[in-house]
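Q: Here is a sequence with its predicted model. Questions after.
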Amino acid sequence: MPAVSVADQILAAAAERASALAVPSLDSAPQRKVAVLTCMDTRIDPLAMLDLSVGEAHIIRNAGGLATEDAIRSLAASQRLLGTEEILLIMHERCGMCGASEDAFTALLARDGAAPSWRLGAFDDVQDALARGLAKLRASPELTHRDAIRGLIFDPTTGTLREPHG
Ligand SMILES: [Zn+2]
């Protein structure tokens, strides 16, 4: 018997729950007019963390919760096309990007012939990285609403959110 992949399991479970996933009354514009940029970390559940429901916010995720060009692309679409006005940038303690080696990662990629234009985005201090992300977003003319961008750090050990640059 062939092994069942995780995707197979997920698809089977989704088929069982279709009626629970249906949101026929919602459109694509976030009702709370907020976009969240955060890390892809498995310990972060953005909707639960922020007490948000489906339909209320855009959630943009990448490795680290970094203000990359593509994150800014998504935030620009969020604000200019879908009406969001506030941004929460949420990074976290014990992030996989913290302390990672740019050089080792680049060498890994090079071994497979990959030379991407992007960098991993490793950082050594989450608070400094958050400050850099906030500064980048606040200086991005792609965004129309730059006066309500807040930066938070989540601690997966304690479940707390703090705003170091409040
Ligand atoms: Zn992370």
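A: It's in.

Q: Doesn't residue 75 belong to a helix?
A: Yes - membership of residue 75 in a helix is supported by DSSP: H, G, I helix; E, B strand; the rest coil.

Q: How far away from the center of its chain is the helix or strand hosting residue 107?
A: Per DSSP states H and E: residue 107 is located in helix 102-111. Chain-centre distance of helix 102-111: 24 Å, with C-alpha atoms, centre = their mean, to the nearest Å.

Q: for stretch 95-109, same thing?
A: In terms of C-alpha atoms, centre = their mean, the centre of stretch 95-109 is found 19 Å from the chain centre.

Q: Using PDB, list the CA coordinates for that stretch.
A: What follows is stretch 95-109, C-alpha atoms only, in PDB (Å, rounded to 0.1, in the frame of the first residue of the first chain):
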ATOM      1  CA  CYS A  95      13.200  32.700  15.500                       C
ATOM      2  CA  GLY A  96      15.000  30.300  13.000                       C
ATOM      3  CA  MET A  97      16.400  33.400  11.300                       C
ATOM      4  CA  CYS A  98      18.100  34.600  14.500                       C
ATOM      5  CA  GLY A  99      21.700  33.500  14.500                       C
ATOM      6  CA  ALA A 100      21.500  31.700  11.100                       C
ATOM      7  CA  SER A 101      24.500  32.100   8.800                       C
ATOM      8  CA  GLU A 102      24.100  34.000   5.600                       C
ATOM      9  CA  ASP A 103      27.400  32.600   4.300                       C
ATOM     10  CA  ALA A 104      26.500  29.000   5.100                       C
ATOM     11  CA  PHE A 105      23.100  29.300   3.500                       C
ATOM     12  CA  THR A 106      24.600  30.900   0.400                       C
ATOM     13  CA  ALA A 107      27.100  28.100   0.200                       C
ATOM     14  CA  LEU A 108      24.200  25.500   0.400                       C
ATOM     15  CA  LEU A 109      22.400  27.200  -2.400                       C
END
